[in-house]
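Asker: Here is my input; please provide its structure:
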Amino acid sequence: MLIKTVRGYTPQWGEDCFFAENATLIGDLILGDQCSVWYQAVIRGDVHSIRIGNRVNIQDGAVIHATYQKSPTTIGHDVSIGHNAIVHGCTIHDSVLIGMGSIIMDDCVIHSNSIIAAGSVVTQNTIVEEGSIYAGIPAKKIKSVDPNLQKGEIERIANNYLFYSNWFKSKES
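Answerer: Okay, the predicted model is just below:
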């Protein structure tokens, strides 16, 4: 894992986290407990702060960044950031699934219990209402998240990544 201090800021994290050997954590970054940052993921807090809650998984190849002097990045609890997603200068509330390859642009707000479909582009300043599924380019609301989808996707994926990370933290691996 690459941990780099920039502008006097060194990344910090809570307990029981997993960081892949080639994950990159830079600068003004604080992660909570039980987070996982997977292979080739980059969290670059060089130009603004990045704050990440508990039980967040940042999957392979994802990039988390911000905009200099303008837009920090804040991610709540129980969030899954899919493979190769880009999360940039935005706010993501609790229990959100950001699909693989999706892009969340500056000053967006993704409210709780929402899903951003794989490959979607959430354009600057978009507000995703709580419990919504957004898809497309540009991403638009396609429907609401029903309780089965909440349990079957958002919670399931977040819990699976807690489970998977234990395989890698185990001394027997």
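Asker: So which bits of the lowest-mean-pLDDT helix or strand in the chain are buried?
Answerer: Comparing every helix and strand of the chain by mean pLDDT, DSSP states H and E singles out helix 147-149 as the least confident one, with a mean of 87. Of the residues in helix 147-149, those buried by neighbour count under the rule 16 or more other CB atoms under 10 Å are Leu149. No exception for glycine: its C-beta is placed from N, CA and C like everyone else's.
Asker: from the middle of its chain, how far away would the helix or strand just after it be?
Answerer: Next in sequence after helix 147-149, counting helices and strands by DSSP states H and E, comes helix 156-169. Distance of helix 156-169 from the chain centroid (CA atoms, centre = their mean, to the nearest Å) equals 15 Å.
Asker: quick one: buried residues of helix 156-169?
Answerer: Within helix 156-169, the residues that qualify as buried by neighbour count (16+ other CB under 10 Å) are 157-158, 161-162, 165.
Asker: Now do it: which elements does it pack against?
Answerer: Taking 3 or more CB pairs under 8 Å, 6 or more residues apart in numbering; DSSP states H and E as contact, the helices and strands that helix 156-169 lies on are strand 18-19, strand 36-37, strand 57-58, strand 80-81.
Asker: C-terminal to the second one, what's the next element?
Answerer: Later in the chain than strand 36-37, the nearest helix or strand by DSSP H and E is strand 42-52.
Asker: now swap in the third one and tell me
Answerer: Next helix or strand after strand 57-58 toward the C-terminus (DSSP H and E): strand 63-65.
Asker: Would you give the sheet partners of that next one, along with the direction of each?
Answerer: The strands that strand 63-65 pairs with in its sheet are strand 42-52 (parallel), strand 86-88 (parallel) (by DSSP bridges).
Asker: Include mean neighbour count, mean pLDDT and distance to Tyr68 when you put the ones you listed into TSV, please.
Answerer: Output for these, formatted as TSV (neighbours: other CB atoms under 10 Å; pLDDT from 0 to 100; distance: least, CB to CB, whole Å):
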stretch	mean neighbour count	mean pLDDT	distance to Tyr68
strand 42-52	21	98	4
strand 86-88	22	98	12
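Asker: Just tell me which of the ones you listed ends up closest to Ser114.
Answerer: Checking these against Ser114 by CB to CB gives strand 86-88 as the closest, at 13.6 Å.
Asker: which is the next helix or strand following that closest one?
Answerer: On the C-terminal side of strand 86-88, the nearest following helix or strand under DSSP H and E is strand 91-92.
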